[in-house]
Every structure is written in C-alpha cells, then in structure tokens.
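**Q** below is the sequence, then the predicted model.
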Protein chains: 2
Amino acid sequence: MTAVTVKQDTASTVQCMKAMSDPTRLLIMKLVQKKAYCVCQFVDMFEMSQPAISQHLRKLKMAGLVREERRGQWRFFSMNDEFGAHDLVLSILNQLDDEDETLRAIQSKETAVSCD
Amino acid sequence: MTAVTVKQDTASTVQCMKAMSDPTRLLIMKLVQKKAYCVCQFVDMFEMSQPAISQHLRKLKMAGLVREERRGQWRFFSMNDEFGAHDLVLSILNQLDDEDETLRAIQSKETAVSCD
DNA sequence: GAATTATATAACCAAAGACTTATATAATGG
DNA sequence: CCATTATATAAGTCTTTGGTTATATAATTC
C-alpha cells in the first residue's frame, strides 16, 4: 500500500475544501464514496428541497469532485476518482466518523429507486 | 509510526474545514505548522491590512486551530496541536504543495521581529 | 401527444464572509 | 506621563452562499 500523495497548490486546495465545507455536501461526498445515488434519493435522505440538492450537486460537479451519469429519467452522481485533488478528498472523508449521528440518520432514510 | 486517526463528527469537520477554506488562513496554518509568527509578520508577508490579518487569526483561534501567546507587545500565533481535529488539519496541510508559488512568494517576504 | 416524473435553472432573499476605515486598548521606551 | 508601536474591535460595504418559489426541460408512460 503506497501512500504517495499528489500535492495540490493553494488555489485548488481551497476550491476543493470550499466545495466540501458544507454539511450537506460533505455528507454527499461520504455517501458517493461507496456508491452512486440519484438526486431524488438525496432529496429524501436529506429532507431538503429538490432545487437545494440540485444546487449542491452542481457545486460538487463544477468543482470536479463528482461525476454525473444519466440512467433513464434519473441522474446518478458518484465520486470522481480521477479528480486532481482526489487524495485530499479521501483524507478528509477518512477523518469523518462513520458512526457519526448525522450520517447515520441520513443513511437510515435511504430509499430505493425503481431502476435499481 | 502509528497512523491511528481521531475521527470527527460532521459538525466539527465542517467547522474546521471552513476555518481553513480561505487562501490566507490556509497559508497561515501552513506557516504556523513550522513555527510561531506574530501579527505584524503576517501583515508584511500577506501584504494585507492589520485588521484583516487580525480577523483571520481570530477565526482560526475561535475555531481552535491556533493558539495565542503574548511576548511583550507582540502576540505570537502557533499551531494548536491539542486541537480535536488536529489530524484533519495535518492531513489537509500535508496535501498542500510546499513548492506552491503562492506559499513561496509569501515566505520570501518574511521579516524579522525585534524580540526574536 | 398528453400527463407524469425527475431534474435543472432562474430570480429572489437573508445571512455570512472578507474586506475597509476609524477608533480603542495595551505594552514599551523615552 | 507622553509618544510610539502592536494589536483588537466596531461599524460599514460589497460579495458570496444557501436556501426559497416558480418555471423550464427532458425522459417515461399511457
């Protein structure tokens, strides 16, 4: 297991961190680390309006942290593991407790999507 | 060398990340990782007004990332290594390139303080 | 092709951020 | 004690952010 890390410059580090410095987006990243989710699933899990979720996802996508894939009428989002600061993303997510209350609460609200 | 990491909950992770999600504060953290600096040194290095620097330092201090120490008329700031999310801070700083242009430029402007 | 479902986008708003200038505080040195 | 130096704080401004509601777009189903 090599631990060689791709170093980032100040601007990209800040951009990546800003994208993740929000509870909703941080948890979305934690979730997409495991598998892809569609917008409506996030809407249910975070109990947040569809436009609000959509805008959070747009930020993550614009920053390069996630990737979007269309499946029928759904749009699935997953972690972009080719992202330049991918190592930074991983080390941040790695510091986040998997037993965290907020995370647990959100995961428990996961709903299935027809196309699954 | 143990790599056991103290996990953080969502709220503290976000709080810590927000404190560092600014180029000035990120670089201040990178600097204080090595040694303590006083306010006037940051003012010179970042070519930023004294109140602006003072406010950035207050944010870092309020969030628990740095520690303040008075030496005569100066106030020195250093990394708080007893901070709960200290590991998170370190892994973020570790991802930041030491050869980064912005960092280099700032370091080159370091000035001495009489009391040193 | 009309209704439904999933999503994005636009326009708006309140709160938070990052500065500014002006002023207060506190230690130092004559 | 007074002037100087280092720093903090207050108040104001402008921008960014994270939500809202309303509407547009696009695929699916009947």
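**A** Yep, that arrived.
**Q** of all residues in chain A, which one is nearest the centre?
**A** Centroid-nearest residue in chain A: residue A:29, 2.2 Å away (criterion: CA atoms, centre = their mean).
**Q** so what's that one up against?
**A** Contact analysis of residue A:29 by CB atoms under 8 Å, 6 or more residues apart in numbering or on different chains lists A:20, A:60, A:65, A:66, A:79, A:89, A:93. C-beta coordinates here come from the backbone N, C-alpha and C atoms, glycine included.
**Q** so it sits in a strand?
**A** No. Under DSSP: H, G, I helix; E, B strand; the rest coil, residue A:29 sits outside any strand and is assigned helix.
**Q** now do the helices in chain A.
**A** A:10-20, A:23-32, A:39-46, A:50-62, A:86-95, A:101-107 (DSSP state H).
**Q** report all helices and strands that the longest one contacts.
**A** Yep, that's helix A:50-62 we're talking about. helix A:23-32, helix A:39-46, strand A:66-71, strand A:74-79 (3 or more CB pairs under 8 Å, 6 or more residues apart in numbering or on different chains; DSSP states H and E).
**Q** how about these, which one is nearest residue B:33?
**A** Taking CB to CB, helix A:23-32 is the member of the helices and strands packed on helix A:50-62 nearest to residue B:33, at 23.4 Å.
**Q** that closest one to strand A:74-79, inter-axis angle?
**A** 90 degrees (axes from the mean of the first three to the mean of the last three CA atoms, to 10 degrees).
**Q** any part of helix A:23-32 near DNA strand D?
**A** Yes. Residues of helix A:23-32 contacting DNA strand D under CB under 7 Å from any atom of the strand: residue A:24.
**Q** quick one on the thing from earlier: which of the contacts of residue A:29 sits closest to chain B?
**A** residue A:20 (6.3 Å; CB to the nearest CB).
**Q** about what we covered before: do you know which of the helices of chain A lies nearest residue B:36?
**A** Comparing these against residue B:36 with CB to CB, the closest turns out to be helix A:10-20 (21.3 Å).
**Q** sorry, back to before: need the pLDDT of the residue nearest to the centre of chain A.
**A** Residue A:29 is assigned 98 on the pLDDT scale.
**Q** kindly report the same for the one 5 residues further on.
**A** The predicted structure scores residue A:34 at 97 on the pLDDT scale.
**Q** who's in contact with the nearest residue to residue A:10 once chain neighbours are set aside?
**A** Counting by CB to CB, 6 or more residues apart in numbering or on different chains, residue B:102 is the residue found nearest to residue A:10 once chain neighbours are left out, at 4.4 Å. If a contact means CB under 8 Å, 6+ apart, then residue B:102 has A:9, A:10, A:11, B:23, B:27 as its contacts.
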